[in-house]
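In: build the 3D model from these lines:
(2 chains)
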Protein chains: 2
Amino acid sequence: MNSREHFIREVKWTGTEKKVARKAYDKAFERQCTAIATEAKRMLENITDPSEVWQVEAYLRDHRKIADRVYHYSYSDLLQVFSILMRDGWLKEADLHGIQPEKVVEIKEGAQSLLKIFRD
Amino acid sequence: MNSREHFIREVKWTGTEKKVARKAYDKAFERQCTAIATEAKRMLENITDPSEVWQVEAYLRDHRKIADRVYHYSYSDLLQVFSILMRDGWLKEADLHGIQPEKVVEIKEGAQSLLKIFRD
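Out: Residues are numbered from 1 along each chain as shown, chains lettered A, B, ... in the order given. Next comes the predicted model:
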């Protein structure tokens, strides 16, 4: 196990960091839900055939499944969850102010790796 | 088998009736989809907490399941399907203009029976 893997596996969160992390997580969830609601509303407003309502249902269902897979609040998985949320634009670096810089670097590098995987 | 059961089982649709029936069925589907889309839009417009978007998703999912159960276009089941659609307000008696009066009576009586079951 290299030092990075060791850092991820043994990561500890102080009381202050936990508060910042929870707030950042909730904010990301809020941003994502708001964006999904906005898109669903836009789709509903642009319906030309009434049966297109089922496209909105499918859109919401797909995004609920995606959200269900990502949003699990566990300190042991939080670095990875934050990397995913940052990659997808729901978490901003500024939200992490107060969290140990090494963790922030890890989250950002994780987000970059995920972006690379996504591109390949 | 009494004469009513016999009528339902042996029901035949003329070419003209089939045209009227298809139009009435499509109109009912259109009305139902429009009402569902309107309600989903209303819900989205009244969101106070972003996570309420998942209530809209659940609403649409429930109504898709209901629609999936009802909307099957088969002439052997059409009297019953029309009774359900009339009970739920998506099919109007006027939509059935051109269909044999005995069938219309059967559809209306079916709708009434279903209303009674619903009430009990």
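
In: how about A:V104, what does it touch?
Out: Contacts for A:V104 (Cβ atoms under 8 Å, 6 or more residues apart in numbering or on different chains) come out as A:93, A:96. (C-beta placed from N, C-alpha, C; glycine too.)

In: what about it, which SS state?
Out: helix (DSSP: H, G, I helix; E, B strand; the rest coil).

In: quick one: pLDDT of the nearest residue to A:Q55 once chain neighbours are set aside?
Out: Computed as Cβ to Cβ, 6 or more residues apart in numbering or on different chains, the closest residue to A:Q55 that is not its neighbour in sequence is A:M43, at 6.7 Å. Here, the pLDDT recorded for A:M43 equals 98.

In: return the distance of stretch A:106-120 from the chain's centre.
Out: Relative to the centre of its chain, stretch A:106-120 is centred 13 Å away, using Cα atoms, centre = their mean, to the nearest Å.

In: where does pLDDT dip in chain A?
Out: Regions of chain A meeting the criterion pLDDT under 70 cover residues A:1, A:117-120.

In: and the residue lying farthest from the centre of it, how far from B:A37?
Out: Largest separation from the mean C-alpha position in chain A: A:D49, at 33.6 Å (Cα atoms, centre = their mean). A:D49 is 10 Å from B:A37, where distance means Cβ to Cβ, to the nearest Å.

In: before we move on, what about A:T16?
Out: A:T16 is 47 Å from B:A37, by Cβ to Cβ.

In: neighbour count for those two, which is higher?
Out: B:A37 (22 against 11; other Cβ atoms under 10 Å in any protein chain shown).

In: not counting sequence-adjacent ones, nearest residue to the more buried one?
Out: B:A37 sits nearest to A:V53 (Cβ to Cβ, 6+ apart), 4.2 Å away.

In: quick check: residues of chain A near chain B?
Out: By Cβ under 8 Å from any Cβ of the partner chain, the residues of chain A that approach chain B are A:29-31, A:33-34, A:36-37, A:40-41, A:44-45, A:47, A:50-54, A:56-57, A:60-61, A:63-64.

In: follow the chain on from the longest helix along chain A and name the next helix or strand.
Out: Counting residues, the longest helix found in chain A (DSSP state H) is helix A:15-45. Note on helix A:15-45: by DSSP states H and E, the next helix or strand toward the C-terminus is helix A:53-70.

In: tell me which strands and helices that following helix is in contact with?
Out: Counting contacts by 3 or more Cβ pairs under 8 Å, 6 or more residues apart in numbering or on different chains; DSSP states H and E, helix A:53-70 packs against helix A:15-45, helix A:78-87, helix B:15-45, helix B:53-70.

In: quick revisit: wait, the residue nearest to B:A37 sits on B:R61?
Out: No: using Cβ atoms under 8 Å, A:V53 is not in contact with B:R61, being 11.8 Å away.

In: between these two, which one's more packed in?
Out: A:V53 (26 against 16).
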